[in-house]
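In: predicted structure and sequence below. I'll ask about it afterward.
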Amino acid sequence: MSFESNLDRLLVLDLVRVTEAAAVSAAKLVGRGDEKAADAAAVDAMRTALNNMDIQGRVVIGEGERDEAPMLFIGEEVGTGKGPRVDIALDPLEGTTIAAKAMQNSLAVIALSEEGEMLNAPDVYMDKVAVGPGYPDGIVDLDKTPTENIKAVAEAKGCSVSDILVCVLDRPRHGAIIDEVRASGARVKLIGDGDVAGIIDTTNPETSVDIYMGSGGAPEGVLAAAALRCIGGQMQGRLTFRNDDERGRAEKWGITDLNRKYSTNDLASGDVIFAATGVTDGYLLRGVHQTPDGTGYSTESVVMRSKTGTVRWVRAEHNRHSND
């Protein structure tokens, strides 16, 4: 069986089942204040679902390296061992703090590509800048200042700088970015966690987010790039390293140019499928909710494919004891 012949019929909806399983498991621990327990529940459910898929999968973005993560570690092989060879990037619970506090925009996320088409990024930080679709290539650039990027987007939109809304993770390390954005006259939307959702927000007019700026996890950068490949938009990322251990981790995974600036296509190329299921309610997706009769759960998911540009929204109800 070739990758191409099975992509739509099998893998697209199978990926939704994978994120649904992770989201439902994590949702049972939403609001309980235990990030590790919620993440572990999502990881366990996602791993089980992946191992039921007819793929020869390799995790290139996971929970960490093998000695740090007992499940879904970078390099782990998943699937039945039948079917196409694929690379997988995943975050079983994107926004662990959000879920633990029952806040908005926690997701179960996965992306799948043909073998060798996603950056095998180490678990380090990445500087990121992203915009939605419809802009000229290179409209934003990591080597430009926040003010320069804001002015470029405002000019392309034909609006005032004061109309631009920039999404930034609310972290002390972003203090200078936040100050400069506000000094430029633009507005700032601060989010507590979940920069995959934050980057995807640039593609959704309902959020009013124009630009995403700041540093976050490199794995999340690859996942966000996979989504932008499917629905449009631009992103640049550059790995950042706090110590020699992190530099060595990057070199271990074959990254030799530690200062390289990655484009959307550099991060996720070829034919990509991206799927996400809401754990808690957010702009992108509704979270997991108990059905009115109390017998199960409802989920809302989105699944996208880069080659066709297809975006499917999937709403499902699950019996409390069902494995499907």
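Out: Perfect, I can see it now.
In: residues in contact with stretch 190-199?
Out: 91, 94-98, 103, 105-107, 109, 128, 130, 167-170, 178, 209, 212, 214, 216-217, 220-221, 223-224, 227-228, 233, 235, 276, 282-284 (CB atoms under 8 Å, 6 or more residues apart in numbering). C-beta here means a position set from N, CA and C on the backbone, and glycine is covered the same way.
In: quick one: the strands in the stretch 1-150 of the chain?
Out: 56-61, 77-78, 85-94, 107-114, 125-131 (DSSP state E, counting those that start in this stretch).
In: could you give the average pLDDT over the second one?
Out: Along strand 77-78, the predicted confidence averages to a pLDDT of 96.
In: who does that strand pair up with?
Out: strand 56-61 (antiparallel) (DSSP bridges).
In: quick one: residues in contact with the strand it pairs with.
Out: Identification of contacts with strand 56-61 by CB under 8 Å, 6+ apart yields 50, 72-79, 81-91, 111-112, 115, 118-121, 219, 222-223.
In: domain ranges for this structure, per the record?
Out: 3-117+272-319, 125-267 (automatic domain parsing).
In: on that earlier part again, show me the contacts of stretch 190-199 that map onto helices.
Out: Judged by DSSP state H, the contacts of stretch 190-199 include 96-98, 178, 220-221, 223-224, 227-228 as members of helices.
In: so for whichever strand or helix holds residue 153, what gets flagged as buried?
Out: For residue 153, the element it lies in under DSSP states H and E is helix 146-157. Neighbour-count burial for helix 146-157, counted by 16 or more other CB atoms under 10 Å, picks out 146, 149-154.
In: reformat the strands of the stretch 1-150 of the chain as TSV; add mean neighbour count.
Out: Formatted as TSV, the strands of the stretch 1-150 of the chain follow (neighbours: other CB atoms under 10 Å):
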stretch	mean neighbour count
strand 56-61	22
strand 77-78	18
strand 85-94	27
strand 107-114	28
strand 125-131	23
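In: hmm, back to that, of the ones in helices among the contacts of stretch 190-199, keep whichever come out buried.
Out: Buried among the ones in helices among the contacts of stretch 190-199 (16+ other CB under 10 Å): 96, 98, 178, 220-221, 223-224, 227-228.
In: between those residues, which sits nearest residue 250?
Out: residue 221 (13.4 Å; CB to CB).
In: so what's that closest one up against?
Out: 121, 126, 128, 195, 235, 237, 267.
In: what score does the first one have for pLDDT?
Out: If I follow you right, that is residue 121. So, for residue 121, pLDDT stands at 78.
In: which non-adjacent residue is nearest it?
Out: Once flanking residues are discounted, residue 121 sits nearest to residue 218: 4.1 Å by CB to CB, 6 or more residues apart in numbering.
In: what's the burial count for the one you found?
Out: 27 (other CB atoms under 10 Å).
In: number of residues surrounding residue 133?
Out: Residue 133, neighbours per other CB under 10 Å, totals 11.
In: pull the number of nearby residues for the residue lying closest to it once chain neighbours are set aside.
Out: Spatial nearest neighbour of residue 133, chain neighbours left out: residue 232 (2.9 Å); criterion: CB to CB, 6+ apart. For residue 232, the count of nearby residues is 17 (other CB under 10 Å).
In: and residue 94, how far from residue 124?
Out: According to CB to CB, to the nearest Å, residue 94 stands 17 Å off from residue 124.
In: right, I mislabeled it, should have said residue 131
Out: On the measure of CB to CB, residue 131 and residue 124 end up 24 Å apart.
In: flag every buried residue along stretch 197-209.
Out: 197-203, 207, 209.
In: before we move on, the earlier item: pLDDT and distance to residue 304 added to the buried ones among the ones in helices among the contacts of stretch 190-199, as CSV?
Out: Converted to CSV, those look like this (pLDDT from 0 to 100; distance: CB to CB, whole Å):
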residue, pLDDT, distance to residue 304
96, 91, 24
98, 92, 22
178, 98, 31
220, 91, 17
221, 94, 17
223, 95, 12
224, 95, 12
227, 95, 7
228, 96, 10
